[in-house]
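The following comprises the amino acid sequence and a computationally predicted model.
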Amino acid sequence: MNTIYHLSHIDLDGYSCQLVMREAYENIIFFNANYGAEVGERLHEIIEMIKHKKEDASILITDLNLTMDESKWLSKEIEKFRDHDKLNIKLQLLDHHGSGQDSANKFDWYLLDTSRSATQITFDYVNEHFELSPEARAWLAPYVEIVDAVDLWHQEKHEAFEYGKVCMRLVTETRELNRVMFANEDRAYKHALLFEAAQMIPLDNANILLDETIHALKKNFFKKDDDDTLDNLATAHIVELLGKEKADKTIYYKGYKGYLSYALGNTSIIGNGFLTAFDEYDFIVDVGPRGTMSLRANNKVDVSLIAKEWAGGGGHPNASGGRINGFKEQFRYDKVKRQIQNIIDESESRAGKLIYKS
């Protein structure tokens, strides 16, 4: 069974395309991107994975329009796989944004239909090329109608439209997990909530019921044993995820062991929770997309000195911050770590007193 690499947008329509596909095919690796530079970054990531695996595969892009340059580049990469690597890589784009018309006119793999949402296009594509179980089709059909109504803003379809509005908010307010640090987990979270929302469609006053139930659905996703607030449940889940990725996200500075996160946010709560759970670490540093830096320690190292040496920042021994000049926003963690490692190398090469433990 060949792998499908499925790239989609980060809104209700984009995630719903993936919800449809996962009911139709098992061997899928999902990716998501917002418009702009992230689209190209994700496409490069997919191409790299195919080069590494060296297996026949399919690339599916939904709810994202490609520029002419992106379309040409992607088409050439597929040709390289076929001509040089003897790999059969199928390419299909399903979209409804008129801004992709030029690419649609040039490439036969680019399906553009402005009259349907991307979820509706994907559902129709699945019914033509795959086989859905009767059970899946039974809940997907009304769900797809709802996404189509709200994405194309068909207010005359009142019940579907109103339910779709709540589903849109469910996606936009599902921000507990970081999309760069925990891409797979964040996607699974959104898929799970949308699946639960789809099951509620037949209920009376479904839009009101879903609106009142979103908080409980979120808590149920994170809950393991004991009940707690959503913040505490999500924090415990995030700390566990951080721990699972220690090998990849550990950094060292002047003999001190640190953990590097990206755009994690809420560093006071999550950072201190991590340092308590994993006391082998001396500090944790969270870097934001614009280069803001937040450091936390637990009486093992003076992070105000790290902040000063890395970015001219400062603060308290256990809580400090700063801003990294020239930091470039990234959509992949490995590129963030590369930038920070360069800063570490430069700082360690400069003479200066050692950071002290308290």
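Yes, it's here.

So residue 285 lies in a helix, does it not?
No: using DSSP: H, G, I helix; E, B strand; the rest coil, the assignment for residue 285 is strand, not a helix.

Show me the beta-bridge partners of it.
Counting by DSSP bridges, residue 285 forms beta bridges with residue 260, residue 295.

residues near it, how many?
For residue 285, the count of nearby residues is 26 (other CB atoms under 10 Å). For glycine as for every other residue, the C-beta is placed from the backbone atoms N, C-alpha and C.

Verify the contact between it and residue 257 for me.
No: using CB atoms under 8 Å, residue 285 makes no contact with residue 257, being 11.7 Å away.

and for these two, which residues touch both?
Both residue 285 and residue 257 are in contact with residue 251, where contact means CB atoms under 8 Å, 6 or more residues apart in numbering.

which stretches of the stretch 51-200 of the chain form helices?
68-83, 101-106, 118-129, 134-151, 158-172, 183-199 (DSSP state H, counting those that start in this stretch).

Take those and write them to JSON lines, including mean neighbour count and distance to residue 253.
Formatted as JSON lines, these follow (neighbours: other CB atoms under 10 Å; distance: least, CB to CB, whole Å):
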{"stretch": "helix 68-83", "mean neighbour count": "15", "distance to residue 253": "38"}
{"stretch": "helix 101-106", "mean neighbour count": "15", "distance to residue 253": "46"}
{"stretch": "helix 118-129", "mean neighbour count": "21", "distance to residue 253": "45"}
{"stretch": "helix 134-151", "mean neighbour count": "19", "distance to residue 253": "47"}
{"stretch": "helix 158-172", "mean neighbour count": "19", "distance to residue 253": "37"}
{"stretch": "helix 183-199", "mean neighbour count": "18", "distance to residue 253": "27"}
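
who wins for proximity to residue 238 among those?
helix 183-199 (9.1 Å; CB to CB).

gap between the closest one and the chain center?
Centroid separation for helix 183-199 versus its chain: 12 Å, with CA atoms, centre = their mean, to the nearest Å.

Quick one: mean pLDDT for whichever helix or strand comes after that helix?
Once helix 183-199 ends, the next helix or strand along the chain (criterion: DSSP states H and E) is helix 206-222. For helix 206-222, mean pLDDT is 97.

Would you mind putting the CA coordinates of helix 206-222 into CSV?
This file holds the C-alpha atoms of helix 206-222, laid out as CSV (Å, rounded to 0.1, in the frame of the first residue of the first chain):
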residue,chain,number,x,y,z
ALA,A,206,-26.9,20.5,17.7
ASN,A,207,-25.2,23.9,17.2
ILE,A,208,-26.1,25.0,20.7
LEU,A,209,-25.2,21.7,22.2
LEU,A,210,-21.8,21.6,20.5
ASP,A,211,-21.1,25.2,21.6
GLU,A,212,-21.8,24.1,25.2
THR,A,213,-19.8,20.9,24.9
ILE,A,214,-16.5,22.1,23.4
HIS,A,215,-14.8,22.6,26.7
ALA,A,216,-15.8,19.1,27.8
LEU,A,217,-14.6,17.6,24.5
LYS,A,218,-11.2,19.2,25.0
LYS,A,219,-10.9,17.9,28.6
ASN,A,220,-11.8,14.4,27.6
PHE,A,221,-9.0,14.4,25.0
PHE,A,222,-6.4,15.2,27.6
